[in-house]
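# generate a structure from the sequence data that follows.
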Amino acid sequence: MDIVYIHGLEVDTVIGIYDWERKIRQTVNLDLEMGTDIRQAAASEDIDKTLNYKSVSKRLIEFIGASEFLLVETMAEEIATLVMQEFPVPWLKLRLGKPGAVRGARDVGVIIERGERF
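Sure, this is the predicted structure:
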């Protein structure tokens with residue numbers, strides 16, 4: 001299996017359980033690894049035969065920016081579902097971070113893996 005990745009994508013959104021968090025936008029960041037087979041794209045140099053990381057990034061920015069979640073766990077599940085339903089991705093690993101959520105920590109969040117490796 002080959003992996004197409006997006007690292008360090010930052011998106012402003014409404015995320016959190018506290019009243020003050022529901023009134024502001026906070027930045028979340030994500031790293032996404034997506035299982036795919038790049039051989040056809042590599043052989044043909046045809047962008048239509050690859051998993052287009054720009055298209056995935058644009059869709060995630062749109063989705064996350066318009067979303068309002070209480071928990072990063074819920075956001076991570078929804079991101080994974082969206083990517084696997086809308087793109088040819090049978091497996092993914094997602095790290096979703098919420099910087100500044102805990103005093104003294106640079107970042108906190110979740111890492112999930114979904115689907116089957118081939």
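# how much distance is there from the least confident helix or strand in the chain by mean pLDDT to the middle of the chain?
The helix or strand of the chain with the lowest confidence, counting by mean pLDDT, DSSP states H and E, is helix 19-22 at a mean of 94. With C-alpha atoms, centre = their mean, to the nearest Å as the basis, helix 19-22 stands 23 Å off its chain's centre.
# what sits up against that helix?
Applying C-beta atoms under 8 Å, 6 or more residues apart in numbering, the contact partners of helix 19-22 are 14-16, 68. In this view, the C-beta of every residue, glycine as well, is placed from N, C-alpha and C.
# list the buried residues in the next helix or strand after that helix.
Later in the chain than helix 19-22, the nearest helix or strand by DSSP states H and E is strand 26-36. For strand 26-36, a neighbour-count test (16 or more other C-beta atoms under 10 Å) marks 28-36 as buried.
# okay, how far is it across stretch 84-104, tip to tip?
Stretch 84-104 has an end-to-end distance of 34 Å (criterion: C-alpha to C-alpha, to the nearest Å).
# ranges for the strands of this structure?
2-15, 26-36, 68-69, 91-97, 109-115 (DSSP state E).
# looking at those strands, spot the one closest to Ile61.
Among the strands of the chain, strand 2-15 comes nearest to Ile61, with 5.4 Å by C-beta to C-beta.
# picking up where we left off before, just the buried ones from the contacts of helix 19-22, in ChimeraX syntax?
The buried residues among these can be selected in ChimeraX (16+ other C-beta under 10 Å) with this line:
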select :14,15,16
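# greatest separation within the contacts of helix 19-22: which pair is it?
Between any two of these (C-beta to C-beta), the greatest distance is 9.5 Å, for Gly16 and Glu68.
# coming back round to it: so which of the strands of the chain gets nearest Lys54?
Of the strands of the chain, the one closest to Lys54 (C-beta to C-beta) turns out to be strand 2-15, at 9.3 Å.
# pull up the pairing partners for the closest one, direction included.
strand 26-36 (antiparallel), strand 68-69 (parallel) (DSSP bridges).
# will you turn those into TSV that also has distance to Leu9?
Below are the strands paired with strand 2-15 laid out as TSV (distance: least, C-beta to C-beta, whole Å):
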stretch	distance to Leu9
strand 26-36	5
strand 68-69	16
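# that concludes my questions; thank you for your assistance.
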